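Undergrad: Prediction below, plus the sequence it came from.
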Amino acid sequence: TLALVPYRQVTERGFACVDDGTPLECLVVDAAERIGTARALAALPADPLVATDAAFDSTDEEYAATVARVLAEEIGRGEGANFVIHRTLTARAQGTPLRAALTALRRLLTRERGAYWTFLVHTGTRTLVGASPERHVSVDDGLVMMNPISGTFRHTGTTADRAALLRFLHDPKEVEELYMVLDEELKMMARVAEHGGQVVGPYLKEMAHLTHTEYLLAGRSSRDVREVLRETMFAPTVTGSPMENACRVIARHERTGRGHYAGVLALLGRDDAGRQTLDAPILIRTAEFAPTGEVRVKVGAT
């Protein structure tokens, strides 16, 4: 089963959210096929991807004012260490929406690197296309893994700037933010991995246009994979810290619901020995193509 888990499912943990009615959807897999990248690229359209009328739902000045309010009213009063506030870019894709989405998938496969999942999901009513860098949680033979990702170092120019990278690695904001997401996900891991675990890292995750800092967490668990998914909703990298306060702050200050942004795709199944499996990337760096031709990309900053 492939589940499309929207952000509003965080209410299952009793946390606040703006309820936009985005449904929890499941695709039951009747047949699956594995093919090589070359064959996939040959089947995908190579048309130009043209989008028009691109605009954010809030101006830069409005977004900056929201950030200032969160700093003064929430962080300044001790509600938490940091919070993630999103906004939405909308545009209109030329041509049929599904073909435009397939074209976007081809571009991601050829131009991005370092993604955890590069995907297209089509339910008949919605199409999601993305290249998510971040594993939310996976379970394989009882091994639970999480992958908190934090700092973002943007690549500039054609050659690596060693001095700029070292400044980024020593930036207190980036360092402490990485510790924050690690700490929050360790709390989650402690709830689901009753047989203990370990922390590995930090590492650098290099992508086409930027590099992240990250940790890997691993622990042993005997819990049902659906419980593991529920107990880890949702990643601090897309909400903030502490988690329950972060959800309250997001609900107070964001204009609209998040849809699938900060939710997950969750592929649930069994291995050859009949053991439960789960693989769930976070739904960031993702565009939703509506049947009307509208494209929505939700982005957030800490």
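TA: Alright, I've got the coordinates.

Undergrad: use CA for all of it now, contacts and neighbours both
TA: Noted.

Undergrad: List the contacts of residue 184.
TA: Shown in contact with residue 184 (C-alpha atoms under 8 Å, 6 or more residues apart in numbering): 236, 241-243.

Undergrad: Secondary structure and distance to residue 35 added to these, as TSV?
TA: Rendered in TSV, the data for the contacts of residue 184 read as follows (DSSP: H, G, I helix; E, B strand; the rest coil; distance: C-alpha to C-alpha, whole Å):
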residue	secondary structure	distance to residue 35
236	helix	34
241	strand	40
242	coil	42
243	helix	39
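
Undergrad: Would you state the strands of the stretch 201-302 of the chain in chain order?
TA: Here the stretch 201-302 of the chain has its strands, by DSSP state E, counting those that start in this stretch, at 210-220, 240-241, 264-270, 276-281, 286-289, 294-301.

Undergrad: Using JSON lines, lay out the ones you listed together with mean neighbour count, mean pLDDT and distance to residue 72.
TA: JSON lines is the format used below for the strands of the stretch 201-302 of the chain (neighbours: other C-alpha atoms under 10 Å; pLDDT from 0 to 100; distance: least, C-alpha to C-alpha, whole Å):
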{"stretch": "strand 210-220", "mean neighbour count": "19", "mean pLDDT": "96", "distance to residue 72": "28"}
{"stretch": "strand 240-241", "mean neighbour count": "24", "mean pLDDT": "92", "distance to residue 72": "16"}
{"stretch": "strand 264-270", "mean neighbour count": "19", "mean pLDDT": "97", "distance to residue 72": "31"}
{"stretch": "strand 276-281", "mean neighbour count": "22", "mean pLDDT": "98", "distance to residue 72": "33"}
{"stretch": "strand 286-289", "mean neighbour count": "24", "mean pLDDT": "97", "distance to residue 72": "30"}
{"stretch": "strand 294-301", "mean neighbour count": "19", "mean pLDDT": "95", "distance to residue 72": "17"}
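
Undergrad: Just send the contacts of residue 184 back as a markdown table, with distance to residue 132 too.
TA: Output for the contacts of residue 184, formatted as a markdown table (distance: C-alpha to C-alpha, whole Å):
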| residue | distance to residue 132 |
| --- | --- |
| 236 | 15 |
| 241 | 21 |
| 242 | 23 |
| 243 | 21 |
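
Undergrad: most surrounded residue in the residues you listed?
TA: residue 236 (26 neighbours; other C-alpha atoms under 10 Å).

Undergrad: Check the gap between the nearest residue to it once chain neighbours are set aside and residue 242 for me.
TA: Nearest residue to residue 236 in three dimensions, chain neighbours excluded: residue 181, at 5.6 Å (C-alpha to C-alpha, 6 or more residues apart in numbering). According to C-alpha to C-alpha, to the nearest Å, residue 181 stands 10 Å off from residue 242.
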